[in-house]
Structure formats: structure tokens, C-alpha cells
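sharing a sequence plus its predicted fold:
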Amino acid sequence: NALSLASGANGIANGSLSLNGVAISTSSTTRSARALAEAINSQSEKTGVTATAGSTATTPDLFAGFGSVSAATGSSYAMSVGGVQLASINAGGTVTAAGIDTNLASAGTRNALAAANITVSGSAADGTLQFSAADGSTIDVTETVTGAVTGGIKHADTEANTGATTPATAGVTLRSNDGN
């Protein structure tokens, strides 16, 4: 199973995880399967357990029904994935699914996503856009909104969007060092 969305957003509190009587050091920065596997593996000699992070992927229909984004006077909208900005507008601007696809086709955006260990498949315009991280890193898809904005992820063109972060997480597989 993937880490809970709460763990993906807030991390895993220190002292909340132990394996074979050994406390695993975690914190608010332990937000991904990758980070959790690293924490578990740092205690592998004491616990007799090793961990492997699975791969992370956003839901395949996250961009289905993406409504064209508009921002009213004094308003703004920005979208980022894993900290990489994909779109940004101020009053009077528009973000479309096709525009997101165009931005994703640029070498600069692809290189920035690759530096964050994120790969892209599908198309926003087709509603099949998906982001993946083979290393188990949590992927945050964030819409940052100020003022009156309509459209966006899971919002019709005319539906108000107040902004949100949608995290995607992966699971961790545990294995005993003696093979059991």
C-alpha cells in the first residue's frame, strides 16, 4: 500500500515507527516511500529488515475534465508538479490543457522534471496526463490560487477554484535480511 496522504503531506512523526523493537528515526521530512525506505535501511543491521520503495504515479485521470483556467482582476493562478512550475497567469490570462501540454513539451520543463526524478506520460488535453517517480518520491501536484479563479484540475471552466495540493505516494516493501 502507498503511504497515506497525510504522511505524504505532513511526514511521519518521530517515534511512531519501530521494527523488531528498534525505533526508526522519522520526521516531518519523511514524506515519501523513498525517504521511509532510507530511514528503515539506516537501521537494517539492528532490525534485520531492509526496505525498498515502490514507484509513485499520479492517478491516470487527474487531468480528466481539466477546465480552462481564468483569473479575475487582482487574481492569479499557478500550477506546479514536484516543485516545477507548469503554468502561471495573472488577471486576464488563461491556462488550457493544450497549453500545459505545450509547456511539458519544452526542453526546459522536461529537464526540470527529470532533475526532480519525475517522468511524464499522456496528455492534459486528452485527460490522460500522468506523472511518475520511479524512486518512490512523493509527487505534489499544486494549484496555487489568489483571488477569484475558475477552472483547473477537476474544475469546469466556470467552477471556482480555491487551490489545492494533490499528493501521490508510493508503498514500501519490507524484507527480512535472512530471506524470510
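Noted; the coordinates are in hand.

can you tell me who the spatially most central residue of the chain pairs with across the strands?
If you average the C-alpha coordinates of the chain and look for the closest C-alpha using C-alpha atoms, centre = their mean, you land on Ile139, 1.8 Å from that point. When bridges are assigned using DSSP bridges, the partners listed for Ile139 are Ala168.

now do the contacts for Asn14.
Under the criterion of C-beta atoms under 8 Å, 6 or more residues apart in numbering, the contact partners of Asn14 comprise 25-27. Backbone N, C-alpha and C define where each C-beta goes, glycine included.

before we move on, the earlier item: so the residue nearest to the centre of the chain touches Val84, yeah?
No. Judged on C-beta atoms under 8 Å, Ile139 makes no contact with Val84 at a distance of 10.3 Å.

can you list residues touching both of the two?
Between them, Ile139 and Val84 share the neighbouring residues Ile118, with contact defined by C-beta under 8 Å, 6+ apart.

give the buried subset of the contacts of Asn14 as a ChimeraX selection command.
Restricted to buried positions by 16 or more other C-beta atoms under 10 Å, the ChimeraX selection for the contacts of Asn14 reads:
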select :26
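
kindly export stretch 97-104 (C-alpha atoms) in CSV.
Backbone C-alpha positions of stretch 97-104 (Å, rounded to 0.1, in the frame of the first residue of the first chain) are rendered in CSV as follows:
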residue,chain,number,x,y,z
ALA,A,97,-4.9,21.8,-21.1
ALA,A,98,-3.3,22.2,-24.5
GLY,A,99,-1.1,25.0,-23.1
ILE,A,100,0.1,22.6,-20.3
ASP,A,101,0.9,20.0,-23.0
THR,A,102,2.9,22.7,-24.9
ASN,A,103,4.8,23.6,-21.8
LEU,A,104,5.5,20.0,-21.0
